[in-house]
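Undergrad: all I have is the shape, not the residue letters:
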């Protein structure tokens, strides 16, 4: 099993604090040492970092912890391999382009007997069940909606249908973003917190580090953090229900 | 105009030396300060770094210069914007997946009145002529060969045809790789050197730095470096002819 972390905000925000705690699970406070990755949307572009080294040992993870890349949507993943070798092409998140937007995907869980036929333009490069699930989602979305993206309600309904199909094959906690919204699906374990005015201090669960967000934010900022298990010890994390898909836009879970 | 750098090898090799000289052209010894990027194939996977900061100022470029990522195929680019804003989505190289492989592309030049119809699965995310050219190449290759990649002679012939079509619209120096071969097309300016046994020392043109490759190689290693203008002052660089497409495999230009 792996761990997932995502952020969705209404103003570009850096993820240094949350990533610092999360990265410690990659080989120090937890056993997730089979690679890691993170993708940041920046405008329509994506910065994509993957490494097959443990996150605690990776010079690239060190860079991320020090370099405050500001983003509206971030997805990160630390891997404990269940399927597929520990190679770069098997590190999450995965990135593809569809409808002139980049899509970023990461998965925690294990899918059994999930072998869809890939007869469209999206093919897995690596050997994970996760990348197969991502290619399946994109293939099905493109089949349903053709060459142009639908409006959000139709897109959300389609993604809800499709993740339920995949989840029949096993555990499918997943994060998906096209840079405008963050889709988070829980099979077994996912929780979130929304940080907004009045901001307070937060203490990392995995490292002796705290930050007072009121010093680094404005009253209009809103940041949702979605993660496998709570990152902080003094914030009120909300658990997802099993089978729940939430869509975050502008730092807020949509009704 | 931008500058291109690529490497194709028979054993995984780091590009620290060549990239160090090249990155200096990104805002120090030259005026290419509108972002930069580099992509490394590692097995079937790709490490992709882009930054809209000048390469000389970028913390990510600093990391690349210090972290010896070993790769068989690398493509790098420093940008002087001619079309498209200085945003992350307009930074080269661009990456797409086709036929279950990643494809990496970078371009130096300027295309006029190049507006192909995109009716397949590859759409530009940004606003550059370069990304349009990349999507056009992939769309045409997929149209010709369908769902499966052809053998190299047919692929090479098709790419030669297609780059000639694009080059009718302006300057089209470009690098393209699917991780197994490196395709380099020259409109106006490109040169290469093959480093092989007996290795010697090389001195960078853009910085007071030299390396004795005989100390860091084995007699079987072979490395081709392809670049806009020679990186070193004491090696024999071979210029491409205008209109020439060369295909490098295992560090060697194919006949």
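TA: Received it, and whenever you're ready, just let me know what you need. Worth saying up front: this structure is predicted, and the values here are computed from it rather than measured.
Undergrad: what residues sit buried inside stretch A:64-75?
TA: Of the residues in stretch A:64-75, A:64, A:69, A:71, A:72, A:73, A:74, A:75 count as buried by neighbour count, 16 or more other CB atoms under 10 Å in any protein chain shown. For every residue, glycine as well, the C-beta is placed using N, CA and C.
Undergrad: those residues in helices, which ones?
TA: residue A:64 (DSSP state H).
Undergrad: the buried residues of stretch A:64-75: which two are farthest apart?
TA: In terms of CB to CB, the buried residues of stretch A:64-75 reach their longest pairwise distance at A:64 and A:72, which sit 16.8 Å apart.
Undergrad: which ones are touching the residue most central in space within chain A?
TA: The central residue of chain A, meaning the one whose C-alpha is nearest the mean C-alpha position (CA atoms, centre = their mean), is residue A:75 at 3.3 Å. Residue A:75 is in contact with A:4, A:5, A:6, A:38, A:39, A:93, A:104, A:105, A:106, A:175, A:177, A:182, counting by CB atoms under 8 Å, 6 or more residues apart in numbering or on different chains.
Undergrad: any chance of these in a markdown table, plus secondary structure and distance to chain B?
TA: As requested, these are exported to a markdown table (DSSP: H, G, I helix; E, B strand; the rest coil; distance: CB to the nearest CB, whole Å):
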| residue | secondary structure | distance to chain B |
| --- | --- | --- |
| A:4 | strand | 20 |
| A:5 | strand | 20 |
| A:6 | strand | 19 |
| A:38 | strand | 12 |
| A:39 | strand | 10 |
| A:93 | coil | 12 |
| A:104 | strand | 12 |
| A:105 | strand | 13 |
| A:106 | strand | 15 |
| A:175 | strand | 19 |
| A:177 | strand | 14 |
| A:182 | strand | 18 |
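Undergrad: now, which of these sits nearest residue B:45?
TA: Nearest to residue B:45 among the contacts of residue A:75, counting by CB to CB, is residue A:93 at 12.4 Å.
Undergrad: now whatever residue of the stretch 51-200 of chain A ends up closest to chain B: closest residue in space that isn't a chain neighbour?
TA: Of the residues in the stretch 51-200 of chain A, the one nearest chain B is residue A:88, at a distance of 2.9 Å by CB to the nearest CB. Counting by CB to CB, 6 or more residues apart in numbering or on different chains, residue B:45 is the residue found nearest to residue A:88 once chain neighbours are left out, at 2.9 Å.
Undergrad: ok, that neighbour to residue B:139 distance?
TA: According to CB to CB, to the nearest Å, residue B:45 and residue B:139 sit 24 Å apart.
Undergrad: quick revisit: what's across from the residue nearest to residue A:88 in the sheet?
TA: When bridges are assigned using DSSP bridges, the partners listed for residue B:45 are residue B:42.
Undergrad: that one and residue A:92 touch, don't they?
TA: No - under the criterion of CB atoms under 8 Å, residue B:45 makes no contact with residue A:92, lying 11.4 Å away.
Undergrad: so what sits against both of those two?
TA: Residues touching both residue B:45 and residue A:92 (CB under 8 Å, 6+ apart) are residue A:50.
Undergrad: neighbour count winner among those two?
TA: Under the neighbour definition other CB atoms under 10 Å in any protein chain shown, residue B:45 and residue A:92 were set side by side, and residue A:92 has more, 29 against 20.
Undergrad: what's the helix or strand for the more buried one?
TA: Element membership of residue A:92 [criterion: DSSP states H and E] is none; it lies in no helix or strand.
Undergrad: residues contacting it?
TA: With contacts defined as CB under 8 Å, 6+ apart, the neighbours of residue A:92 are A:2, A:37, A:50, A:77, A:79, A:105, A:106, A:107, A:130.
Undergrad: any idea how far it is from residue B:126?
TA: Spatial separation of residue A:92 from residue B:126 under the definition CB to CB is 24 Å.
Undergrad: ok, what's across the strand from residue A:170?
TA: Going by DSSP bridges, residue A:170 is paired in beta bridges with residue A:111.
Undergrad: tally of neighbours for it?
TA: 17.
Undergrad: was I right to think it contacts residue A:130?
TA: No - here residue A:170 does not reach residue A:130: they are 10.9 Å apart, not a contact under CB under 8 Å.
Undergrad: what touches both of these two?
TA: With contacts taken as CB under 8 Å, 6+ apart, residue A:170 and residue A:130 have residue A:111 as neighbours in common.
Undergrad: how about the contacts made by the residue lying closest to residue A:140 once chain neighbours are set aside?
TA: Once flanking residues are discounted, residue A:140 sits nearest to residue A:162: 5.2 Å by CB to CB, 6+ apart. By CB under 8 Å, 6+ apart, the contact list for residue A:162 reads A:136, A:137, A:140, A:141.
Undergrad: who wins for neighbours among the residues you listed?
TA: In terms of neighbour count, residue A:137 stands highest of the contacts of residue A:162 at 25 neighbours, by other CB under 10 Å.
Undergrad: helix/strand/coil for that one?
TA: Local secondary structure at residue A:137 is given as helix here, using DSSP: H, G, I helix; E, B strand; the rest coil.
Undergrad: who in the stretch 101-250 of chain A is up against chain B?
TA: A:101, A:102, A:119, A:120, A:121, A:122, A:123, A:124, A:125, A:126, A:142, A:147 (CB under 8 Å from any CB of the partner chain).
Undergrad: the second one and residue A:35: what is the separation?
TA: According to CB to CB, residue A:102 and residue A:35 sit 21 Å apart.
Undergrad: what's the answer for the fourth one, then?
TA: Residue A:120 sits 27 Å away from residue A:35, going by CB to CB.
Undergrad: so those two - more neighbours on which side?
TA: The residue with more neighbours, out of residue A:120 and residue A:35, is residue A:35; 26 against 16, by other CB under 10 Å.
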